[in-house]
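Visitor: Sharing a model prediction with you, sequence too.
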Amino acid sequence: MKARIVLSVVAALALMTAAGCGSKPEAPAGNTGSDAGAKPEQKKVVKIGITQIVEHPSLDATRKGFLDALKDNGFIEKENLDVDVQIAQNDMTNNMSIAQKFAGDNKDLVLAISTNSAQAAAQAIKNSPVIFTAITDPLGAKLVNSLEKPGGNVTGVSDTHPEEVAKLMEFIAKQFPQVKTVGTVVNEGEQNSLVST
């Protein structure tokens, strides 16, 4: 829950900054210059891209929470917000293509949900803010320079909870004293799995 709040605040601030860029200051009252008869400036539409490695209930809930937080902060789809959601279907080629597309589209902000999506976005997107979430080890994934000062255009929140693993082991030992070995299924090619083992 805390990570969702932090991510929402980061996203809202990034989008408010993006929305402020490119807007013109209002002319002083009584301006009779050449702009006097001009049409009122349209509200800037903020373009964000959301890249997600695969559809999964927890990742989908993260995306929904992000969009709900934007709505709570005045960013409404089809009014002042254009959202482009792309799911890579767990295909690394699709994943990289999505990141490259977002870079070419000059999105105002990109949300990367999962380590693989964030790595592709960080590699391809250099001129827009990239926010990551649903990542266990942003340092090991080489997304940020440090947790305190991420550096560059990439930042986000981590779901690392080392104390939770210790609590789980305590629970198993207490509730199932006959258990001597605990196994976990991991993908050794994924940074999240490596840091969790």
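Guide: On my side now, so go ahead.

Visitor: Pick out the residue nearest the middle of this structure.
Guide: Centroid-nearest residue in the chain, with Cα atoms, centre = their mean: residue 111, separated by 2.9 Å.

Visitor: Ramachandran angles for that residue?
Guide: Torsion angles at residue 111 (phi, psi; degrees, to the nearest 10) stand at phi -100, psi 120.

Visitor: That one touches residue 65, doesn't it?
Guide: No. Between residue 111 and residue 65 there is no contact under Cβ atoms under 8 Å: 10.8 Å. Every residue, glycine included, has its C-beta placed from N, CA and C.

Visitor: so where's the protein shaky on pLDDT?
Guide: Scanning the chain for pLDDT under 70 picks out the ranges 1-42, 161-164, 186-197.

Visitor: Now with 90, please.
Guide: Low-confidence segments of the chain (pLDDT under 90): 1-43, 136-137, 139-140, 146-148, 151, 158-173, 179-197.

Visitor: which ones are touching the residue nearest to the centre of the chain?
Guide: 11, 48, 49, 50, 51, 63, 66, 131, 132, 133 (Cβ atoms under 8 Å, 6 or more residues apart in numbering).

Visitor: Repeat the analysis, applying 6 Å as the threshold.
Guide: 50, 66, 131 (Cβ atoms under 6 Å, 6 or more residues apart in numbering).

Visitor: Repeat that for residue 102.
Guide: Residue 102 makes contacts with 49, 110, as judged by Cβ under 6 Å, 6+ apart.

Visitor: Off-centre distance for the one helix or strand it maps to?
Guide: Element membership of residue 102, judged by DSSP states H and E, is helix 92-105. Relative to its parent chain, helix 92-105 has a centroid offset of 15 Å by Cα atoms, centre = their mean, to the nearest Å.

Visitor: buried ones in that helix?
Guide: By neighbour count on 16 or more other Cβ atoms under 10 Å, the buried set for helix 92-105 is 94, 95, 96, 98, 99, 102, 103.

Visitor: the helices in the chain, which residues?
Guide: Per DSSP state H, the chain carries helices over the ranges 2-20, 57-72, 92-105, 115-124, 162-175, 191-196.

Visitor: What is the fourth one packed up against?
Guide: Contact analysis of helix 115-124 by 3 or more Cβ pairs under 6 Å, 6 or more residues apart in numbering; DSSP states H and E lists strand 46-52, helix 92-105, strand 109-113, strand 130-135 as its packing neighbours.

Visitor: Reformat these as CSV; add distance to residue 182.
Guide: Formatted as CSV, these follow (distance: least, Cβ to Cβ, whole Å):
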stretch, distance to residue 182
strand 46-52, 30
helix 92-105, 30
strand 109-113, 28
strand 130-135, 24
